[in-house]
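Participant: take a look and give me a structure for this.
(2 chains)
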There are 2 protein chains.
Amino acid sequence: MDMHDLTRSLQQKNDSKIVMLVADGLGGLPLESGGLTELETAKTPNLDALVKKGSSGLSIPVKPGISPGSGPGHLGLFGYDPLKYVIGRGALEATGIGFALGPKDVAIRGNFCTVGPDGKITDRRAGRISSEESAALVVRMRAVKIPGVEIFVEPVKEHRFVLVLRGEGLGGDVHDTDPQAVGVLPLDPKASAPGSEKTAEIAKEFIAQARKILADEKRGNALTLRGFAKRPDMPSYEEVYGLRAAAIAVYPMYKGLASLAGMDLVGKAQTLDEQLTLLEQNWSKYDFFFLHYKYTDSTGEDGNFAEKAKKTEQVDGAIPRIMALKPTVLIVTGDHSTPAFLKSHSWHPVPTLLVADNCRRDTCQSFGETEALKGALGQFEAKYLMPMALSHAGRLGKYGA
Amino acid sequence: MDMHDLTRSLQQKNDSKIVMLVADGLGGLPLESGGLTELETAKTPNLDALVKKGSSGLSIPVKPGISPGSGPGHLGLFGYDPLKYVIGRGALEATGIGFALGPKDVAIRGNFCTVGPDGKITDRRAGRISSEESAALVVRMRAVKIPGVEIFVEPVKEHRFVLVLRGEGLGGDVHDTDPQAVGVLPLDPKASAPGSEKTAEIAKEFIAQARKILADEKRGNALTLRGFAKRPDMPSYEEVYGLRAAAIAVYPMYKGLASLAGMDLVGKAQTLDEQLTLLEQNWSKYDFFFLHYKYTDSTGEDGNFAEKAKKTEQVDGAIPRIMALKPTVLIVTGDHSTPAFLKSHSWHPVPTLLVADNCRRDTCQSFGETEALKGALGQFEAKYLMPMALSHAGRLGKYGA
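Facilitator: Numbering: from 1, shown residues only, chains lettered A, B, ... in the order given. Now for the predicted structure:
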């Protein structure tokens, strides 16, 4: 029995509202031993006030010592075991550009490459063709037609694009066609497991037609396909939690991840202020709101400690408008740590705050990594955050009599 | 390899004594944000003194966010994974009246109902017949005889009774016969999985004979059967831990749960004082003692904060007599939290204290939810408490060389 079996069987409905505010890459490190982290440096009076009445703790995104990408990081927060639900490379690439993958889809990462008159690869990245040129080639490839299959080709960046095949009986287990070398022919797509033969045939046909369309290009007269993947077979928020869930995010990747969990993508906000307006406007329509804020991560990736602290203060600034709505449960957390000191995602547990009338108190006085060590939530795997949110919202019945 | 595989292979015998004192529903919440819990309000000088030399922590009964019933709550404390060992409804009902289920038994919840001359149900609860009338009908049903099966019928309350069928080859997978509606016939018992056909046949014969016995009753001239279940296939304390275990409880439910784990039910105490006398009298006969105290839960369920605090002080009052016996390991914990604030079982971790000469010290100064956050035991799943008890008692050898 896993956590979703439990939440599925114990879920009960009420009028509660749950808000999960995810500051991407929230956790950090001091620049010098004994110093303060970005979060501890930031002035966060609103969060600090909530800490005094809420439960603090630290979320372990996957398992101790494991640094997650955005995919596993968010799946964990959404309550999907990130070691059980694996998002294949193609599916992640499609998700990253906001393509809503369906259950009949196989998503594939495509690369334009250049081949010589003998068909052998001379440049695996088509001379690092620009995004503009590449997008024009993508549009031309949309002329490919294969009976019984719907085909989507979407530009990504430079020589990269996404190919999605939609149809019945398409498995996702096909070997890459990129030989990872120049001076050799691209490989033919071949099924790596039974049930994906049809996908391999269609991919082969796609390549053949596309090669004709691209034949006269100097750069990008051919292509390789990699990371064939179906979307992970994830149950929806509605099914496992009984929640009508809304995602209010700016960047496509996070919208895509939320849509894998069956959340509605609400609005087209470009700023945190616009996200809060959408939250207010949609308050009565949903039970659960996922708000995603990107810039605590990107400043961390840049190694810009001061700027990350400043962006953290923007997150703090969002709190009054959220609390004015009187959520039953507010959670503030991150999908992983991105310490400016490391300029990358890290494995460090993420400061997390849960506020509800029925939460345990602790002695934490401010929102920060060291303070959270004293918190009532302890250190916990991210996948347990949703069950805790549900129980604090009165949405889980008793297990056993 | 699960924890029982470990304890089974590593167990070793000695003269140690382990006492587990379970204050049902021990954990609580403050009535107002920032206030004290029931346990923190109670004067517990004996427990506080032990906290200073013991290890404190918080027990998570099942998983974070999950509120357990008494069954899963106690299985966890006894070291049985409450998600692996599930007690079916009939088995729990039988356990709740203290019926010691054996491995050949199928336990069933019975309801008296009333049917009209056409056999269709007119009242699913036999007019809410009194417990006294119902018990008399139960006694009359004991006249039912079916070759090759031993039959037990026991009264529960009002229209409810327990039926236990004991015999070879009886599976527990039979559909309910209660149609959940009036104006229709009761259903025939039907196997819901292979291996339970014999159970269904015997249940059908039981109903036929019982209907003849009850035919002239105005209320309760028929019956429905629900929740067919075998006892969970749990290994015994003796086998997995090498412990001769005694349960000293007042209420039938907790005696029943202890008997599922193979504990001996000792005496017929009605008060905590009588339980302590039984503990003293049986000290030399057992290695492990489970003492159950009910009233911290029932006062919590009533929402009576002050009374729960007072009952907690009674638990504290039991400590000197227990410590006078010089147990090698004393554990004080609860099977779940029952905050008066919520008037129900909850998911909040339960304050837990382990005292032994070889336990880690911490900085906790008193027994309480917030103080325990600093404890040496940390926050842990209840199922790990028994292995910790065994190791502190010198009863577990080294794993691997």
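
Participant: how many neighbours does residue A:321 have?
Facilitator: The tally of other residues near residue A:321 (other C-beta atoms under 10 Å in any protein chain shown) stands at 15. Glycine gets a C-beta too; all of them are placed from N, C-alpha and C.

Participant: up against chain B, what does the stretch 51-200 of chain A have?
Facilitator: By C-beta under 8 Å from any C-beta of the partner chain, the part of the stretch 51-200 of chain A that sits against chain B consists of A:52-53.

Participant: low-scoring stretches of the stretch 51-200 of chain A, by residue?
Facilitator: Along the stretch 51-200 of chain A, segments meeting pLDDT under 70 are nowhere present.

Participant: strands along that one, start to end?
Facilitator: Using DSSP state E, counting those that start in this stretch, the strands found in the stretch 51-200 of chain A span residues A:55-60, A:105-115, A:121-123, A:150-157, A:160-166.

Participant: okay, now the sheet partners of the second one, with direction.
Facilitator: Taking DSSP bridges as the criterion, strand A:105-115 pairs within the sheet with strand A:121-123 (antiparallel), strand A:160-166 (antiparallel), strand A:222-230 (antiparallel).

Participant: just these: most buried one?
Facilitator: When neighbours are counted by mean count of other C-beta atoms under 10 Å in any protein chain shown, the highest per-stretch mean among the strands paired with strand A:105-115 falls to strand A:222-230, a mean of 23.

Participant: now do the contacts for residue A:318.
Facilitator: A:21, A:272, A:275-276, A:291, A:293 (C-beta atoms under 8 Å, 6 or more residues apart in numbering or on different chains).

Participant: that one should be in a helix, yeah?
Facilitator: Yes. Checked against DSSP: H, G, I helix; E, B strand; the rest coil, residue A:318 lies within a helix.

Participant: any idea how far residue A:217 is from it?
Facilitator: 47 Å (C-beta to C-beta, to the nearest Å).

Participant: repeat that for residue A:292.
Facilitator: On the measure of C-beta to C-beta, residue A:292 and residue A:217 end up 38 Å apart.

Participant: give me the more crowded residue out of those two.
Facilitator: residue A:292 (26 against 17).

Participant: can I assume that one is in contact with residue A:25?
Facilitator: No. Counting by C-beta atoms under 8 Å, residue A:25 is not a contact partner of residue A:292; they are 11.4 Å apart.

Participant: what about the helices in the stretch 251-400 of chain A?
Facilitator: Read by DSSP state H, counting those that start in this stretch, the stretch 251-400 of chain A holds these helices, from start to end of the chain: A:252-260, A:272-281, A:295-301, A:305-323, A:385-392.

Participant: residues from the stretch 301-401 of chain A in reach of chain B?
Facilitator: Proximity of the stretch 301-401 of chain A to chain B is confined to A:357-358, A:360-363, A:374-376, A:378, A:380, A:384, A:386-392, A:396-401 under the rule C-beta under 8 Å from any C-beta.

Participant: inside strands: which ones of the residues you listed?
Facilitator: Judged by DSSP state E, strands contain the following of those: A:378, A:380.

Participant: buried among the residues of the stretch 301-401 of chain A next to chain B? Make that a PyMOL selection.
Facilitator: Of these, the buried ones go into a single PyMOL selection, burial set by 16 or more other C-beta atoms under 10 Å in any protein chain shown:
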select buried, chain A and resi 358+360+361+362+374+375+376+378+380+384+386+387+388+389+390+391+392+396+398+399+400
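
Participant: quick one: contacts for residue A:260?
Facilitator: Applying C-beta under 8 Å, 6+ apart, the residues near residue A:260 are A:75, A:87, A:95, A:101, A:231-232, A:234.
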